[in-house]
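after the sequence you'll find the predicted model.
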Amino acid sequence: MWRIALFLIFTLIAVPVITFQYDEPLNELQWKTLKVLFVIYGSTAFLAFLISTITKNYSQVDKLWSTIPIAYVWVMAHYAGYEDRIVLMAVLVTIWGARLTFNFARRGGYSWKFWTGEEDYRWAILKAKPGFEQEWKWILFNFFFISAYQMGLILLMTLPAIKAMGSSEPLGWLDYLIAFVFISFVVIEFIADQQQYDYQEAKWERKRKGEVLEGKFAVGFTHTGLWAYMRHPNYMAEQAVWIVFYLFSIIATGHIINWSIAGCLLIVLLFKGSSDFSESITVEKYPKYKEYQKQVGRFLPFKGRFKN
(Lines give C-alpha, C1' and ligand atoms only; values in the text may rest on other atoms or scores of the structure.)
Protein backbone atom coordinates (compact mmCIF):
# COMPACT_ATOMS: atom_id res chain seq x y z
CA MET A 1 0.00 0.00 0.00
CA TRP A 2 2.91 2.33 0.72
CA ARG A 3 4.08 2.01 -2.88
CA ILE A 4 0.64 2.89 -4.23
CA ALA A 5 0.33 5.85 -1.86
CA LEU A 6 3.78 7.19 -2.77
CA PHE A 7 2.99 6.80 -6.47
CA LEU A 8 -0.27 8.74 -6.06
CA ILE A 9 1.45 11.48 -4.05
CA PHE A 10 4.13 11.74 -6.76
CA THR A 11 1.49 12.04 -9.48
CA LEU A 12 -0.33 14.72 -7.46
CA ILE A 13 2.81 16.85 -7.72
CA ALA A 14 4.20 15.75 -11.08
CA VAL A 15 1.07 15.84 -13.27
CA PRO A 16 0.09 19.46 -12.51
CA VAL A 17 3.71 20.65 -12.81
CA ILE A 18 4.29 18.89 -16.14
CA THR A 19 1.00 20.00 -17.68
CA PHE A 20 1.52 23.54 -16.39
CA GLN A 21 4.84 23.78 -18.26
CA TYR A 22 3.12 23.23 -21.61
CA ASP A 23 0.27 25.69 -21.12
CA GLU A 24 -0.24 29.43 -21.10
CA PRO A 25 0.84 31.12 -17.84
CA LEU A 26 -1.80 32.24 -15.36
CA ASN A 27 -2.81 35.87 -15.36
CA GLU A 28 -2.70 38.05 -12.25
CA LEU A 29 -6.32 37.40 -11.28
CA GLN A 30 -5.92 33.64 -11.65
CA TRP A 31 -2.78 33.67 -9.50
CA LYS A 32 -4.51 35.77 -6.86
CA THR A 33 -7.45 33.37 -6.74
CA LEU A 34 -5.20 30.31 -6.65
CA LYS A 35 -3.29 31.68 -3.65
CA VAL A 36 -6.56 32.03 -1.71
CA LEU A 37 -7.51 28.46 -2.64
CA PHE A 38 -4.11 27.19 -1.48
CA VAL A 39 -4.66 28.83 1.91
CA ILE A 40 -8.06 27.10 2.23
CA TYR A 41 -6.53 23.80 1.10
CA GLY A 42 -3.59 23.98 3.51
CA SER A 43 -5.78 24.94 6.46
CA THR A 44 -8.42 22.27 5.91
CA ALA A 45 -5.89 19.53 5.14
CA PHE A 46 -3.99 20.26 8.36
CA LEU A 47 -7.20 20.38 10.40
CA ALA A 48 -8.35 17.08 8.91
CA PHE A 49 -5.00 15.52 9.87
CA LEU A 50 -5.04 17.00 13.37
CA ILE A 51 -8.63 16.02 14.18
CA SER A 52 -8.26 12.51 12.74
CA THR A 53 -5.02 11.94 14.69
CA ILE A 54 -6.59 13.06 17.97
CA THR A 55 -9.95 11.29 17.57
CA LYS A 56 -8.69 8.21 15.66
CA ASN A 57 -11.54 8.74 13.20
CA TYR A 58 -9.88 8.88 9.79
CA SER A 59 -12.94 9.89 7.77
CA GLN A 60 -12.47 13.63 8.34
CA VAL A 61 -11.52 14.15 4.68
CA ASP A 62 -14.57 12.10 3.65
CA LYS A 63 -16.75 14.71 5.37
CA LEU A 64 -15.12 17.46 3.33
CA TRP A 65 -15.07 15.64 -0.02
CA SER A 66 -18.51 16.91 -1.01
CA THR A 67 -18.47 20.27 0.78
CA ILE A 68 -15.08 21.92 0.21
CA PRO A 69 -15.43 21.85 -3.63
CA ILE A 70 -18.53 24.02 -3.25
CA ALA A 71 -16.51 26.58 -1.31
CA TYR A 72 -13.70 26.46 -3.87
CA VAL A 73 -15.90 27.13 -6.91
CA TRP A 74 -17.81 29.97 -5.26
CA VAL A 75 -14.52 31.59 -4.23
CA MET A 76 -13.51 31.39 -7.89
CA ALA A 77 -16.87 32.78 -8.97
CA HIS A 78 -16.44 35.71 -6.59
CA TYR A 79 -12.95 36.57 -7.81
CA ALA A 80 -14.12 36.21 -11.41
CA GLY A 81 -16.78 38.87 -10.82
CA TYR A 82 -19.52 36.22 -11.14
CA GLU A 83 -18.89 35.56 -14.82
CA ASP A 84 -21.69 33.56 -16.40
CA ARG A 85 -19.64 30.44 -17.12
CA ILE A 86 -18.00 30.35 -13.68
CA VAL A 87 -21.37 30.80 -11.96
CA LEU A 88 -22.79 27.94 -14.04
CA MET A 89 -19.84 25.75 -13.03
CA ALA A 90 -20.31 26.73 -9.38
CA VAL A 91 -24.02 25.89 -9.49
CA LEU A 92 -23.27 22.47 -10.99
CA VAL A 93 -20.68 21.66 -8.32
CA THR A 94 -23.16 22.78 -5.66
CA ILE A 95 -25.77 20.36 -7.02
CA TRP A 96 -23.18 17.57 -7.12
CA GLY A 97 -22.04 18.38 -3.57
CA ALA A 98 -25.57 18.58 -2.13
CA ARG A 99 -26.42 15.11 -3.45
CA LEU A 100 -23.21 13.54 -2.20
CA THR A 101 -23.49 15.25 1.18
CA PHE A 102 -27.03 13.87 1.56
CA ASN A 103 -25.83 10.35 0.73
CA PHE A 104 -22.92 10.57 3.18
CA ALA A 105 -25.13 12.03 5.92
CA ARG A 106 -27.80 9.31 5.79
CA ARG A 107 -25.09 6.69 6.27
CA GLY A 108 -24.08 8.33 9.54
CA GLY A 109 -21.09 10.24 8.24
CA TYR A 110 -21.92 13.45 10.12
CA SER A 111 -22.66 14.17 13.74
CA TRP A 112 -23.35 17.28 15.80
CA LYS A 113 -19.95 16.47 17.29
CA PHE A 114 -18.29 17.26 13.97
CA TRP A 115 -15.19 15.21 14.77
CA THR A 116 -17.25 12.01 15.18
CA GLY A 117 -19.50 10.13 12.75
CA GLU A 118 -19.23 6.79 11.02
CA GLU A 119 -15.73 6.01 9.77
CA ASP A 120 -15.09 4.34 6.41
CA TYR A 121 -14.59 0.66 7.33
CA ARG A 122 -11.65 0.41 4.93
CA TRP A 123 -9.37 2.60 7.06
CA ALA A 124 -9.44 0.14 9.97
CA ILE A 125 -8.74 -2.76 7.60
CA LEU A 126 -5.89 -0.88 5.96
CA LYS A 127 -4.36 0.16 9.28
CA ALA A 128 -4.26 -3.49 10.37
CA LYS A 129 -2.25 -4.56 7.32
CA PRO A 130 1.54 -5.18 7.36
CA GLY A 131 3.51 -1.96 7.01
CA PHE A 132 1.58 -0.03 9.63
CA GLU A 133 2.71 -1.92 12.74
CA GLN A 134 4.29 1.19 14.24
CA GLU A 135 1.95 4.09 14.98
CA TRP A 136 4.31 6.66 13.45
CA LYS A 137 3.98 4.97 10.06
CA TRP A 138 0.22 5.37 10.13
CA ILE A 139 0.57 8.98 11.25
CA LEU A 140 2.78 9.69 8.22
CA PHE A 141 0.31 7.89 5.95
CA ASN A 142 -2.51 9.93 7.40
CA PHE A 143 -0.62 13.18 6.91
CA PHE A 144 0.70 12.63 3.39
CA PHE A 145 -2.00 10.48 1.78
CA ILE A 146 -5.31 10.65 3.65
CA SER A 147 -5.08 14.36 4.43
CA ALA A 148 -2.63 16.14 2.09
CA TYR A 149 -3.10 14.01 -1.05
CA GLN A 150 -6.86 13.63 -0.96
CA MET A 151 -7.48 17.25 -0.05
CA GLY A 152 -5.08 18.30 -2.81
CA LEU A 153 -6.95 16.17 -5.31
CA ILE A 154 -10.24 17.77 -4.27
CA LEU A 155 -8.76 21.18 -5.06
CA LEU A 156 -7.36 20.04 -8.42
CA MET A 157 -10.76 18.68 -9.48
CA THR A 158 -12.27 22.17 -9.30
CA LEU A 159 -9.45 24.09 -11.02
CA PRO A 160 -10.92 24.00 -14.57
CA ALA A 161 -13.00 26.90 -13.22
CA ILE A 162 -9.82 28.95 -12.70
CA LYS A 163 -8.69 28.11 -16.21
CA ALA A 164 -12.05 29.32 -17.53
CA MET A 165 -11.83 32.66 -15.72
CA GLY A 166 -11.64 35.74 -17.90
CA SER A 167 -12.42 33.89 -21.13
CA SER A 168 -13.41 35.96 -24.17
CA GLU A 169 -15.63 33.07 -25.30
CA PRO A 170 -19.21 33.84 -24.25
CA LEU A 171 -21.45 31.28 -22.60
CA GLY A 172 -23.09 29.25 -25.37
CA TRP A 173 -24.99 26.12 -26.25
CA LEU A 174 -21.92 23.89 -25.75
CA ASP A 175 -21.74 25.02 -22.13
CA TYR A 176 -25.38 24.11 -21.61
CA LEU A 177 -24.83 20.74 -23.30
CA ILE A 178 -21.91 20.04 -20.97
CA ALA A 179 -24.05 21.11 -18.02
CA PHE A 180 -26.78 18.68 -19.10
CA VAL A 181 -24.27 15.81 -19.36
CA PHE A 182 -22.83 16.76 -15.95
CA ILE A 183 -26.29 16.64 -14.36
CA SER A 184 -26.99 13.33 -16.11
CA PHE A 185 -24.01 11.71 -14.44
CA VAL A 186 -25.05 13.18 -11.07
CA VAL A 187 -28.45 11.51 -11.60
CA ILE A 188 -26.71 8.20 -12.37
CA GLU A 189 -24.74 8.56 -9.13
CA PHE A 190 -27.96 9.21 -7.24
CA ILE A 191 -29.66 6.14 -8.73
CA ALA A 192 -26.65 3.89 -8.09
CA ASP A 193 -26.22 5.06 -4.50
CA GLN A 194 -29.96 4.71 -3.86
CA GLN A 195 -29.98 1.16 -5.21
CA GLN A 196 -27.03 0.25 -3.02
CA TYR A 197 -28.60 1.93 0.02
CA ASP A 198 -31.95 0.17 -0.49
CA TYR A 199 -30.29 -3.23 -0.93
CA GLN A 200 -28.05 -2.93 2.12
CA GLU A 201 -30.81 -1.51 4.33
CA ALA A 202 -33.16 -4.35 3.38
CA LYS A 203 -30.42 -6.96 3.88
CA TRP A 204 -29.46 -5.68 7.34
CA GLU A 205 -33.10 -5.35 8.37
CA ARG A 206 -33.53 -9.06 7.65
CA LYS A 207 -30.36 -9.83 9.61
CA ARG A 208 -31.57 -7.81 12.60
CA LYS A 209 -34.81 -9.80 12.59
CA GLY A 210 -32.86 -13.06 12.48
CA GLU A 211 -34.28 -14.01 9.09
CA VAL A 212 -32.47 -16.32 6.70
CA LEU A 213 -31.11 -14.35 3.74
CA GLU A 214 -32.70 -15.72 0.61
CA GLY A 215 -32.90 -14.78 -3.06
CA LYS A 216 -30.94 -11.68 -4.02
CA PHE A 217 -30.04 -11.02 -0.38
CA ALA A 218 -28.19 -14.33 -0.12
CA VAL A 219 -25.58 -12.94 -2.54
CA GLY A 220 -24.60 -10.34 0.05
CA PHE A 221 -23.53 -7.45 -2.19
CA THR A 222 -25.47 -5.06 -4.43
CA HIS A 223 -25.83 -6.67 -7.85
CA THR A 224 -29.17 -5.50 -9.25
CA GLY A 225 -30.22 -2.42 -11.21
CA LEU A 226 -27.21 -0.50 -12.52
CA TRP A 227 -25.00 -2.80 -10.44
CA ALA A 228 -25.99 -5.72 -12.65
CA TYR A 229 -24.08 -4.08 -15.52
CA MET A 230 -21.22 -2.31 -13.69
CA ARG A 231 -19.48 -3.27 -10.48
CA HIS A 232 -19.09 0.40 -9.52
CA PRO A 233 -21.68 2.55 -11.35
CA ASN A 234 -21.36 5.24 -8.67
CA TYR A 235 -17.57 5.40 -9.13
CA MET A 236 -17.99 5.50 -12.89
CA ALA A 237 -20.34 8.46 -12.67
CA GLU A 238 -18.12 10.26 -10.15
CA GLN A 239 -15.14 10.07 -12.48
CA ALA A 240 -17.27 11.11 -15.44
CA VAL A 241 -18.58 14.16 -13.55
CA TRP A 242 -15.08 15.62 -13.23
CA ILE A 243 -14.01 14.68 -16.74
CA VAL A 244 -17.08 16.53 -18.01
CA PHE A 245 -16.31 19.46 -15.68
CA TYR A 246 -12.90 19.76 -17.34
CA LEU A 247 -14.63 20.28 -20.71
CA PHE A 248 -15.70 23.76 -19.61
CA SER A 249 -12.04 24.80 -19.66
CA ILE A 250 -11.73 23.56 -23.24
CA ILE A 251 -14.71 25.67 -24.34
CA ALA A 252 -13.33 28.70 -22.49
CA THR A 253 -9.76 28.46 -23.78
CA GLY A 254 -10.07 26.63 -27.09
CA HIS A 255 -7.30 24.23 -25.94
CA ILE A 256 -8.12 20.54 -25.76
CA ILE A 257 -5.25 19.97 -23.32
CA ASN A 258 -4.51 22.42 -20.52
CA TRP A 259 -2.99 22.13 -17.06
CA SER A 260 -6.36 21.84 -15.29
CA ILE A 261 -6.72 18.33 -16.76
CA ALA A 262 -4.64 17.09 -13.81
CA GLY A 263 -7.65 16.78 -11.51
CA CYS A 264 -9.74 14.46 -13.65
CA LEU A 265 -6.70 12.36 -14.57
CA LEU A 266 -5.76 11.86 -10.94
CA ILE A 267 -9.27 11.01 -9.81
CA VAL A 268 -9.31 8.18 -12.36
CA LEU A 269 -6.09 6.84 -10.80
CA LEU A 270 -7.54 7.21 -7.30
CA PHE A 271 -10.72 5.32 -8.10
CA LYS A 272 -8.75 2.54 -9.78
CA GLY A 273 -6.78 2.04 -6.56
CA SER A 274 -9.81 2.52 -4.33
CA SER A 275 -11.89 -0.03 -6.23
CA ASP A 276 -9.00 -2.52 -6.21
CA PHE A 277 -8.80 -2.28 -2.42
CA SER A 278 -12.58 -2.44 -1.92
CA GLU A 279 -12.90 -5.48 -4.15
CA SER A 280 -10.07 -7.30 -2.37
CA ILE A 281 -12.14 -6.98 0.82
CA THR A 282 -15.43 -7.94 -0.83
CA VAL A 283 -13.96 -11.07 -2.43
CA GLU A 284 -13.03 -12.36 1.03
CA LYS A 285 -16.53 -11.67 2.41
CA TYR A 286 -18.71 -12.96 -0.43
CA PRO A 287 -17.92 -16.15 -2.39
CA LYS A 288 -19.95 -15.09 -5.43
CA TYR A 289 -18.04 -11.86 -5.94
CA LYS A 290 -15.38 -13.54 -8.09
CA GLU A 291 -18.11 -14.76 -10.41
CA TYR A 292 -19.53 -11.23 -10.42
CA GLN A 293 -16.11 -9.85 -11.40
CA LYS A 294 -15.91 -12.23 -14.35
CA GLN A 295 -19.36 -11.38 -15.66
CA VAL A 296 -19.56 -7.62 -15.03
CA GLY A 297 -17.24 -4.76 -16.01
CA ARG A 298 -15.69 -2.58 -13.34
CA PHE A 299 -16.73 0.87 -14.60
CA LEU A 300 -18.20 0.21 -18.05
CA PRO A 301 -21.15 -2.06 -19.01
CA PHE A 302 -19.30 -3.87 -21.80
CA LYS A 303 -19.01 -7.37 -20.35
CA GLY A 304 -22.70 -8.00 -19.88
CA ARG A 305 -25.28 -8.49 -17.16
CA PHE A 306 -24.74 -10.41 -13.94
CA LYS A 307 -26.56 -13.74 -13.96
CA ASN A 308 -26.84 -14.99 -10.43
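On my side now, so go ahead.

what does stretch 85-94 rub up against?
The contact list for stretch 85-94 (C-beta atoms under 8 Å, 6 or more residues apart in numbering) reads 69-70, 72-74, 76-77, 80, 158, 160-161, 164-165, 167, 171, 175, 179, 182-183, 245, 248, 251-252. Any C-beta I mention is one placed from the backbone N, CA and C, and that applies to glycine too.

could you tell me the end-to-end distance of stretch 213-233?
25 Å (C-alpha to C-alpha, to the nearest Å).

i'd like the first residue to be 58 from this point on
Got it, first residue is 58 now, which makes that one stretch 270-290.

that stretch: which residues count as buried?
Within stretch 270-290, the residues that count as buried by 16 or more other C-beta atoms under 10 Å are 274, 276-280, 283-290.

kindly report the same for stretch 81-99.
83, 87, 90-91, 94, 98.

try stretch 312-328
315-324, 326-328.

mind checking which of these land in helices?
319-324, 326-328 (DSSP state H).

using a markdown table, lay out the residues you listed together with pLDDT and distance to Arg142.
Below are these laid out as a markdown table (pLDDT from 0 to 100; distance: C-beta to C-beta, whole Å):
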| residue | pLDDT | distance to Arg142 |
| --- | --- | --- |
| Ala319 | 86 | 20 |
| Gly320 | 89 | 17 |
| Cys321 | 90 | 18 |
| Leu322 | 88 | 22 |
| Leu323 | 88 | 23 |
| Ile324 | 91 | 22 |
| Leu326 | 86 | 28 |
| Leu327 | 87 | 27 |
| Phe328 | 89 | 27 |
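
distance to Asn114 for those residues - can I get that in a markdown table?
Shown next, in a markdown table, are these (distance: C-beta to C-beta, whole Å):
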| residue | distance to Asn114 |
| --- | --- |
| Ala319 | 29 |
| Gly320 | 27 |
| Cys321 | 29 |
| Leu322 | 30 |
| Leu323 | 25 |
| Ile324 | 24 |
| Leu326 | 26 |
| Leu327 | 21 |
| Phe328 | 23 |
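
which two of those residues have the greatest separation?
Ala319 and Phe328 (15.2 Å; C-beta to C-beta).

so where is the stretch 58-207 of the chain shaky, pLDDT-wise?
Applying pLDDT under 70 to the stretch 58-207 of the chain flags residues 58-80, 172.

redo that, cut-off 80
58-82, 165-166, 168-174, 176-178, 180, 183, 185-190 (pLDDT under 80).

ranges for the helices of it?
59-78, 85-112, 117-122, 125-136, 141-163, 178-184, 192-198, 207-215 (DSSP state H, counting those that start in this stretch).

how about these, which one is nearest Tyr349?
When these are ranked by distance to Tyr349, counting by C-beta to C-beta, first place goes to helix 178-184 at 18.9 Å.

buried sites along the closest one?
For helix 178-184, by 16+ other C-beta under 10 Å, it's 180, 183-184.

distance from it to the middle of the chain?
Distance of helix 178-184 from its chain centroid, counting by C-alpha atoms, centre = their mean, to the nearest Å, is 18 Å.

contacting residues for Ile182?
Contacts of Ile182 (C-beta under 8 Å, 6+ apart): Ile338.

I'd like the distance between it and Glu341.
Noted for Ile182: a distance of 10 Å to Glu341, by C-beta to C-beta, to the nearest Å.

show the backbone phi and psi for Gly354.
When read as degrees, to the nearest 10, the backbone of Gly354 gives phi -70, psi 160.

tell me how far it lies from Glu295.
As for Gly354, its distance to Glu295 is 16 Å (criterion: C-beta to C-beta).

same question for Ala218.
In this view, Ala218 and Glu295 are 18 Å apart by C-beta to C-beta.

who's more crowded, the two?
Shown here are Ala218 and Glu295; by other C-beta atoms under 10 Å, Ala218 has more neighbours (32 against 23).

wait, the more buried one sits on Met133?
Yes - the pair Ala218 / Met133 is scored as a contact, 4.6 Å apart, by C-beta atoms under 8 Å.

follow-up on the earlier one: give me the buried subset of the contacts of stretch 142-151.
Counted by 16+ other C-beta under 10 Å, the contacts of stretch 142-151 give 126-127, 129-131, 133-134, 137, 215, 217-218, 221-222, 224, 228, 232, 236, 239, 302, 305, 308-309 as buried.

list the helices and strands the host helix or strand of Tyr254 packs on?
Taking DSSP states H and E as the criterion, Tyr254 maps to helix 230-265. Secondary-structure packing of helix 230-265 (3 or more C-beta pairs under 8 Å, 6 or more residues apart in numbering; DSSP states H and E): helix 141-163, helix 290-310.

dump those helices into TSV; add distance to Leu270 as well.
Output for those, formatted as TSV (distance: least, C-beta to C-beta, whole Å):
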stretch	distance to Leu270
helix 141-163	23
helix 290-310	23
